[in-house]
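**Q** Sharing a model that was predicted from the sequence below.
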Amino acid sequence: MLKQRIITGVILAPLVIAGFVLLNQQWFAVMIGLIVTLAAWEWARLAGTQSQPGRVLYALVMALLVAGLYFDTSPPPILLGIAAVWWLLATFLILRYPLGQKLRTGYLPYLYGLLILLPAWYGLTWLRMQPGGLWLLLAVVVTVWAADIGAYFAGKNFGRNKLLPRVSPGKTIEGLLGGVVVTQLLAVAAMLYLGWSLPSILGGMLGILVIVVFSVVGDLTESLFKREQGLKDSSNLLPGHGGIMDRIDSLTAAIPLFALGWYLFGGQLG
């Protein structure tokens, strides 16, 4: 398993990094659209569809919606604002689990998949188009990765109190705090290096805290639906890593909220 994990990471990581750096905006949107489409194929299974035709149909619907959004001229806050509302609802779902069964049955999980993946695609492509877009993408990705690493080591060494054991038994409050501390330190160091003013630094710290907390919500939301379906991984598309959703679950929440925050407050920071 470890060997498969390393091989997959060695192959995929350079490809993704090259795509972020070398592709122009159009092809970048296509690359992220393909990733989101594959993630939609996985999400259909988490929503309860076991048949391949049903999962492929859901993925095709996602691809068509992504294509439609690419040519949409609506201002960013519309979809990103909807995403913010969804992630508040997702927080309610995981805090109340296993209660709230009616909110997890029927066609609702398929709607949730759209609310998870479409804003993530839109947020990434929108950030890529902004001045300094590559640095913005790097900021949100590094924030989520640093939160994961901090949470892992803090949870492993100090974890005593379970965060939400009915949803994800492995996560601890100490792990969450470890992720928060690591990302706050990194953020402050970066903002000091960039010469930000004190009010901007305080605003940036608050923004990073929100992003980290909701990245955990994104992770826990996928865990909830995997638990509902009795699944360990979203798929086996990535040998040694599980599925695409298993790798991007935290980012699906962090990206649209980061993009919305940058749209609303980015011009005031610095």
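**A** Cool, the structure landed.

**Q** ranges for the helices of the stretch 101-250 of the chain?
**A** With DSSP state H, counting those that start in this stretch applied, the stretch 101-250 of the chain shows helices at 108-129, 133-158, 173-193, 198-229, 244-265, listed in chain order.

**Q** what's the most buried one of those?
**A** When the helices of the stretch 101-250 of the chain are scored by mean count of other C-beta atoms under 10 Å, the highest mean neighbour count falls to helix 244-265 (a mean of 24). Using the backbone N, CA and C atoms, a C-beta is placed for each residue, glycine as well.

**Q** Can you say which of the helices of the stretch 101-250 of the chain is nearest to residue 164?
**A** In terms of C-beta to C-beta, the element of the helices of the stretch 101-250 of the chain nearest to residue 164 is helix 198-229, at 6.2 Å.

**Q** still on that earlier bit, got a markdown table for the helices of the stretch 101-250 of the chain, with distance to residue 57 and mean pLDDT too?
**A** A markdown table is the format used below for these (distance: least, C-beta to C-beta, whole Å; pLDDT from 0 to 100):
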| stretch | distance to residue 57 | mean pLDDT |
| --- | --- | --- |
| helix 108-129 | 11 | 96 |
| helix 133-158 | 30 | 94 |
| helix 173-193 | 37 | 97 |
| helix 198-229 | 18 | 96 |
| helix 244-265 | 18 | 95 |
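
**Q** closest to residue 66 out of those?
**A** That would be helix 108-129 among these, by C-beta to C-beta, at 5.6 Å.

**Q** about what we covered before: redo the helices of the stretch 101-250 of the chain as TSV? Include distance to residue 48.
**A** Converted to TSV, those look like this (distance: least, C-beta to C-beta, whole Å):
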stretch	distance to residue 48
helix 108-129	6
helix 133-158	28
helix 173-193	29
helix 198-229	7
helix 244-265	15
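
**Q** quick one, which of those helices is nearest to residue 21?
**A** Between residue 21 and those, the tightest spacing by C-beta to C-beta is seen for helix 133-158, at 6.7 Å.

**Q** Next, the angle from the closest one to helix 198-229.
**A** On the basis of axes from the mean of the first three to the mean of the last three C-alpha atoms, to 10 degrees, helix 133-158 is oriented at 70 degrees to helix 198-229.

**Q** need the contact list for the closest residue to residue 86 other than its chain neighbours.
**A** For residue 86, ignoring the flanking residues on the chain, the nearest one in space by C-beta to C-beta, 6 or more residues apart in numbering is residue 115 at 4.1 Å. Residue 115 makes contact with 82-83, 86, according to C-beta atoms under 8 Å, 6 or more residues apart in numbering.

**Q** The biggest strand by length in the chain: which residues count as buried?
**A** Longest strand in the chain by number of residues, with DSSP state E as the criterion: strand 168-172. Using 16 or more other C-beta atoms under 10 Å as the test for burial, strand 168-172 gives 168, 171-172.
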